[in-house]
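In: Quick one: sequence and predicted model below, then my questions.
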Amino acid sequence: MHTARNSAASGVTLIELIVFIVVSGIVALGLVGAFTSLTGRGTQPEHMVEANFLVQQKLEELTKQDFASIAAPDEQTITNYGGRTGYTVHYTVAYIQSNLADSSGGVPTNYKRITVEVTEPAGSVLSYSTLVTKRYRDAPQG
């Protein structure tokens, strides 16, 4: 005795297989697009870490000098700072008053504000400011 098999209940039809392949392809394209947009931004954190290092390096370079040697007012822009292509360092030094307001007309005071800004290759800017005062070691010894 031979029984007929119900063809609707077993196997996958050619139409179902084609629909599955088309839907899988659409999903795969969406995932690939998402991953490629993320990988382009993957180096940005590295650039910001490098910019942070450069800001701190320039601040240390300026603040290790004695008070009189830190020129004020002063403003400079350095491109490819420290041999790093695409990084621009801009810094300003200005006299300020004890209430942190800018000194009118650049009149010398006992306080200087140093602001360092680094622009990284993608165009983001990282900015730090610090206050420098006359220190004991800056006073003439007598």
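Out: It's in.
In: contacts, neighbours, all on C-alpha from now
Out: Will do.
In: Domains in the protein, by residue range?
Out: If you go by automatic domain parsing, the domain ranges for the chain are 10-40, 44-138.
In: which residue ranges form the helices in the protein?
Out: Remark: helices assigned in the chain by DSSP state H are 14-40, 44-63.
In: packing partners for the last one?
Out: So that's helix 44-63. When contacts are defined as 3 or more Cα pairs under 8 Å, 6 or more residues apart in numbering; DSSP states H and E, helix 44-63 packs onto strand 111-119, strand 125-133.
In: To Ala34, which of these lies closest?
Out: strand 125-133 (26.4 Å; Cα to Cα).
In: Where does pLDDT dip in this structure?
Out: Applying pLDDT under 70 to the chain picks out residues 1-9, 37-44, 136-142.
In: what residue lies at the spatial centre of it?
Out: Centre of the chain computed as the mean C-alpha position; nearest residue by Cα atoms, centre = their mean is Met48, 2.7 Å away.
In: Now for that one: which residues touch it?
Out: By Cα atoms under 8 Å, 6 or more residues apart in numbering, Met48 lies in contact with Glu120, Ser124, Leu126.
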